[in-house]
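Novice: got a predicted structure plus its sequence, pasted below:
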Amino acid sequence: MQVNCQGLVLKHVKTGGDSLLKIFTKELGKITVAVSLKEVSSTKKAKLPVKPFTVSNYNLYRGRSGYRYNSGDVVRSFFSIGEDFERFAYGSLALELVDAVLEEDQEEGRIYALLVEFLKWMENPKVDGATLVIAFEIKLLKLLGLRPITHVCTHCGKVPESSLFSVDDGGALCKDCYKNAKIKEGQFSSPPLIYSCKFDIMSTIDYFDKRPFKDFEKVKLRPAVSMNMMEIIENYLKIHLQIGELKSNKLLGDI
């Protein structure tokens, strides 16, 4: 059966004579597509639709064993992101993260739109890449139903008066519950992961959640805050989505 869809290549894996593409489509969600390298290696134009950072209209064949690539027409290429190593690393992190959190064959139109919009703004040299990818991660967590709790303590429900963030509990922690957690820390083989931030992390999460990407043309987190936020979110993803080490985080470690 012939299938037409629009999608964004998340990942391209070579497997001998064929390659496997992870394509995030508007209509079908994330799918795996087999493609013959011989069919797409003739010209540069033929190669573009099967490369990451490319949105294309695809014609696929769907058989019993899955999808197979027939042809593709590029709608938009975000290849300029690759001209800057730092932006490439942040863009790769977003693609890898989406690939990790999505199940196959489940339509996720809002996440698709979020990812494409993120890549559009990542091309903008006026936007700070670290700040933008943190905003993307927070917005993604919200769409997944895993947005951190910021307005009340995750333990007792009181309004928190400090910037204590419990990764395990999924958000804000008041001082009293923090003291109790520290007292009980010795009872656990793996103590709760709690951050005492030197900035207002709750307001930062709220702002990044609510503001559109275009607003981040004028917003830039201090490097120390960006590093702290990225570490917290990385650990949050590991605990709440069981995501292992992402290769793109190693790229960012080299920056």
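Specialist: Received the coordinates, thanks.

Novice: now the helix or strand where residue 178 lies - C-alpha only, CSV.
Specialist: Following DSSP states H and E, one finds residue 178 within helix 175-184. Backbone C-alpha positions of helix 175-184 (Å, rounded to 0.1, in the frame of the first residue of the first chain) are rendered in CSV as follows:
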residue,chain,number,x,y,z
LYS,A,175,12.1,23.8,53.5
ASP,A,176,10.3,21.6,56.1
CYS,A,177,10.0,18.7,53.7
TYR,A,178,13.6,19.2,52.6
LYS,A,179,14.7,18.8,56.2
ASN,A,180,12.6,15.6,56.6
ALA,A,181,14.1,14.2,53.4
LYS,A,182,17.6,14.9,54.6
ILE,A,183,16.8,13.1,57.9
LYS,A,184,15.5,10.1,56.1
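
Novice: buried ones in it?
Specialist: In terms of neighbour count (16 or more other Cβ atoms under 10 Å), helix 175-184 has its buried residues at 177-178, 181. Every residue, glycine included, has its C-beta placed from N, CA and C.

Novice: once you drop chain neighbours, what's closest to residue 20?
Specialist: What sits nearest to residue 20 in space, not counting adjacent residues and going by Cβ to Cβ, 6 or more residues apart in numbering, is residue 13, at 4.7 Å.

Novice: can you list the residues that contact the helix holding residue 178?
Specialist: Residues outside helix 175-184 that contact it (Cβ atoms under 8 Å, 6 or more residues apart in numbering): 153-156, 158, 161-162, 164, 166, 173, 192, 194.
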